[in-house]
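Trainee: let me see the structure of the following:
(one chain, ligands or ions: 2)
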Amino acid sequence: MQELNIVAKSSGDNLDSPRISTDSDELNLLGKVYIESYGCQMNFADSEVVTSILLDKGYGTTSNIHDADTILLNTCAIRDNAEQKIRHRLQSFKAIKSKKPKVVIGILGCMAERLKNQLLEEEKLVDLVAGPDAYRDLPNLLDQIENGQKAINVFLSKEETYGNIAPVRLHSNGVSAFVSIMRGCDNMCSFCVVPFTRGRERSRDLESILNECSDLFNKGYREITLLGQNVDSYRWLNPITNELVTFDKLIGYAAEINSDLRIRFSTSHPKDITNDVLHAMAKYPNICKNIHLPAQSGSNRILELMNRTYTREWYLERIDSIRSILGDRCGISHDIIAGFCSESDQDHQDTLNLLESVIFDFGYMFTYSERPGTPAAKKYKDDVQPDIKAKRLQEIIDLQRKHSGIRNKQMIGSIQRILVEGNSKKSSLHHYGKTDNYKVVVFEKGTEKIGSYVNVKITGCTTGTLLGELI
Ligand code: SAM
Ligand code: SF4
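Mentor: Numbering: from 1, shown residues only. Ligands and ions are numbered 1, 2, ... in the order given. Alright, predicted model coming up:
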């Protein structure tokens, strides 16, 4: 009965953007839904939950926007340009709505939660607004619209984890999948809108997480990324055994499902990543040696204004622990914000210097974008001029590019176990896959199947990709 499509548009945070569709001819009693997802991995995972909820109620989904009865945009609010992109996209729906006035247009996710009723007032095309904790209510909201009303639910829950919903895999190559382990965030970094759009932090029950992972493995998936805004603060108390399951234990349990199942996770917070987590990573060969550890800045003054609750020295000590427990080949990536309120040239130099001290494998880099209602917007002035922000960002990107090249070159000559993920985009004669430390490797095909492991000798690299030969 499914005719599935999710168009994936990552705002550059953390995701490749595959486009996946499957079609069927069956009749969809309640109409067809088309979904576009924007932003972080959590949003992509949420669209899979939304699809599951709607299919369960008898809706179908379609890959053809012109064929849809309902168009949903799962949105991001992390930076202003993410919201502008959605506003722009909405304008392009005018023609669809004028040809087909009954088509329902809905905004889901963080932008829905941030703007609430304002979205319905400002964007006349929009019929439905649903925040990240309101997806179980979507069928009711769609019913309300059927009765001629606009519909909104932006209630934030303290308990909702969608634990019992089996996501319909949409953003997947059949080898790698995301599994949400928690929702929300309690950290209140001063620049960040997430605590306001995704609410309080809550952890999903262990059993449903492990069941989802085992099910994925049985269906042929070989890599799972456990997702949360701050995975290291995962905590779940088993009501039967009274065992407190912390993140280090959770990754151990997930790794024990099968040694051929790779476990990854994102995102770690420098204040929370413990040596227990690092030791669990060292103990299990199938927990991948790669850590995304956003730094945000290398200046202690700025880190304090950001309310990151760690210092540059603390951050560097965590890097030292990662390298001493997991070795030099553990991949480490960062997020950096350029041009936060009052950032001086010296603060910026401190950030460049942090990058030089660590030599990260990879980074996601942004200019500061003030978000209304956040502590930074209330307390500090967004006073770094746009041209200075852009210049500093470019310097950070250039340095990171150089460091990624250095790290990639260090891999040349080594033999890596690769999980084969698919055909190379550039050549049908080549496969691509990832190393344990999250580097993409392209190599000439042999007889291996997608989803299998192969050993590859690394023979060369570009700044973004390793080149290899099967051995
Ligand atoms: N929870 C994760 C953490 O703390 O590292 C990341 C969440 S956020 C979706 C991803 C990244 O967006 C952050 O690490 C930060 O670098 C960036 N970001 C968040 N708010 C921002 C803002 N107002 N302006 C620019 N970048 C921002
Ligand atoms: Fe935002 Fe900070 Fe929470 Fe990450 S940890 S989601 S940056 S408040």
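
Trainee: who in the stretch 51-200 of the chain is up against ligand 2?
Mentor: 185, 187-189, 192, 194-195 (CB under 6 Å from any ligand atom). From N, CA and C alone the C-beta is placed, and that goes for glycine too.

Trainee: in stretch 231-251, which residues are buried?
Mentor: 231-234, 236, 245-251 (16 or more other CB atoms under 10 Å).

Trainee: ok, so of these, who is nearest L125?
Mentor: V231 (36.8 Å; CB to CB).

Trainee: was I right to think the closest one contacts I181?
Mentor: Yes. Between V231 and I181 there is a contact under CB atoms under 8 Å: 6.5 Å.

Trainee: quick one: common contacting residues for those two?
Mentor: Common neighbours of V231 and I181, using CB atoms under 8 Å, 6 or more residues apart in numbering, are F265.

Trainee: okay, and which of the buried residues of stretch 231-251 map to strands?
Mentor: 236, 245-246 (DSSP state E).

Trainee: how close does the closest residue to S427 other than its chain neighbours sit to I415?
Mentor: Excluding the flanking residues, the one nearest S427 by CB to CB, 6 or more residues apart in numbering is V442, at 7.9 Å. Distance, V442 to I415, by CB to CB, to the nearest Å: 16 Å.

Trainee: higher neighbour count, those two?
Mentor: Neighbour count, other CB atoms under 10 Å: between V442 and I415, V442 has more, with 19 against 11.

Trainee: bridge partners for that one, pull those for me.
Mentor: Residues in a beta bridge with V442, per DSSP bridges, are Y432, L467.

Trainee: contacting residues for it?
Mentor: 424, 426-427, 430-432, 465-468.

Trainee: report the buried members of those.
Mentor: Of those, these count as buried by 16+ other CB under 10 Å: 424, 430-432, 465-468.

Trainee: L55: which of the residues you listed is nearest?
Mentor: Y432 (30.9 Å).

Trainee: what helix or strand does the spatially closest residue to Y380 that is not a sequence neighbour sit in?
Mentor: Closest residue in space to Y380, ignoring its immediate chain neighbours: C341 at 3.7 Å, by CB to CB, 6+ apart. Under DSSP states H and E, no helix or strand contains C341.

Trainee: what of G106?
Mentor: G106 belongs to strand 104-109, assigned by DSSP H and E.

Trainee: do that strand and ligand 1 meet at all?
Mentor: No. If you take CB under 6 Å from any ligand atom as the test, strand 104-109 misses ligand 1, and the best it gets is 11.8 Å.

Trainee: break down the stretch 51-200 of the chain into its strands, ranges please.
Mentor: 60-61, 70-75, 104-109, 128-130, 151-153, 176-180, 182-183 (DSSP state E, counting those that start in this stretch).

Trainee: report the angle between the axes of the strand holding G106 and strand 70-75?
Mentor: 20 degrees (axes from the mean of the first three to the mean of the last three CA atoms, to 10 degrees).

Trainee: show me what strand 104-109 pairs with in its sheet, parallel or antiparallel.
Mentor: Short version: by DSSP bridges, strand 104-109 pairs with strand 70-75 (parallel), strand 128-130 (parallel).

Trainee: got a markdown table for those strands, with mean neighbour count, mean pLDDT and distance to I336 too?
Mentor: Output for the strands paired with strand 104-109, formatted as a markdown table (neighbours: other CB atoms under 10 Å; pLDDT from 0 to 100; distance: least, CB to CB, whole Å):
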| stretch | mean neighbour count | mean pLDDT | distance to I336 |
| --- | --- | --- | --- |
| strand 70-75 | 26 | 96 | 24 |
| strand 128-130 | 26 | 98 | 32 |
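
Trainee: would you reformat those as TSV and include distance to ligand 1?
Mentor: Shown next, in TSV, are the strands paired with strand 104-109 (distance: least, CB to the nearest ligand atom, whole Å):
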stretch	distance to ligand 1
strand 70-75	13
strand 128-130	19
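
Trainee: columns distance to L119 on top of the ones you listed, output as TSV?
Mentor: Compiled in TSV, those are given as follows (distance: least, CB to CB, whole Å):
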stretch	distance to L119
strand 70-75	10
strand 128-130	5
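
Trainee: okay, how far is it across stretch 442-452, tip to tip?
Mentor: In terms of CA to CA, to the nearest Å, the two terminal residues of stretch 442-452 are separated by 15 Å.

Trainee: revised request: answer the last question for stretch 276-295.
Mentor: By CA to CA, the extent of stretch 276-295 from end to end equals 21 Å.

Trainee: hmm, it touching ligand 2?
Mentor: No. Contact of stretch 276-295 with ligand 2 (CB under 6 Å from any ligand atom) is absent, the minimum separation being 6.9 Å.

Trainee: in that stretch, what's buried?
Mentor: So, applying 16+ other CB under 10 Å, buried residues of stretch 276-295: 277-278, 280-281, 286-295.

Trainee: G109 contacts I78, doesn't it?
Mentor: No. Applying CB under 8 Å as the test, G109 and I78 come out as separate, 10.7 Å apart.

Trainee: flag every buried residue along the longest helix anywhere in the chain.
Mentor: Of all the segments of type helix in the chain, defined by DSSP state H, the longest one is helix 386-410. Buried residues in helix 386-410, defined by neighbour count with 16+ other CB under 10 Å: 388-389, 392-393, 395-396, 399-400, 403-404, 407-408.

Trainee: helix/strand/coil for K271?
Mentor: coil (DSSP: H, G, I helix; E, B strand; the rest coil).

Trainee: who's in contact with the closest residue to ligand 2 within the stretch 351-471 of the chain?
Mentor: Across the stretch 351-471 of the chain, the shortest distance to ligand 2 (CB to the nearest ligand atom) belongs to T374, at 9.0 Å. Going by CB under 8 Å, 6+ apart, T374 touches 190-193, 196.

Trainee: if we go to 6 Å?
Mentor: V193 (CB atoms under 6 Å, 6 or more residues apart in numbering).

Trainee: I'd like the next helix or strand past the lowest-mean-pLDDT helix or strand in the chain.
Mentor: Among the helical and strand segments of the chain, the one scoring lowest on mean pLDDT, DSSP states H and E is strand 20-22, with a mean of 34. Next along the chain after strand 20-22, taking DSSP H and E as the criterion, comes strand 32-38.

Trainee: what angle do that next one and strand 70-75 make?
Mentor: Going by the same axes, to 10 degrees, strand 32-38 makes 10 degrees with strand 70-75.

Trainee: now the host helix or strand of R301: mean pLDDT?
Mentor: According to DSSP H and E, R301 maps onto helix 300-305. Mean pLDDT, helix 300-305: 98.

Trainee: so does it get close to ligand 1?
Mentor: No. Using CB under 6 Å from any ligand atom, we find that helix 300-305 stays clear of ligand 1, coming within 12.3 Å at best.
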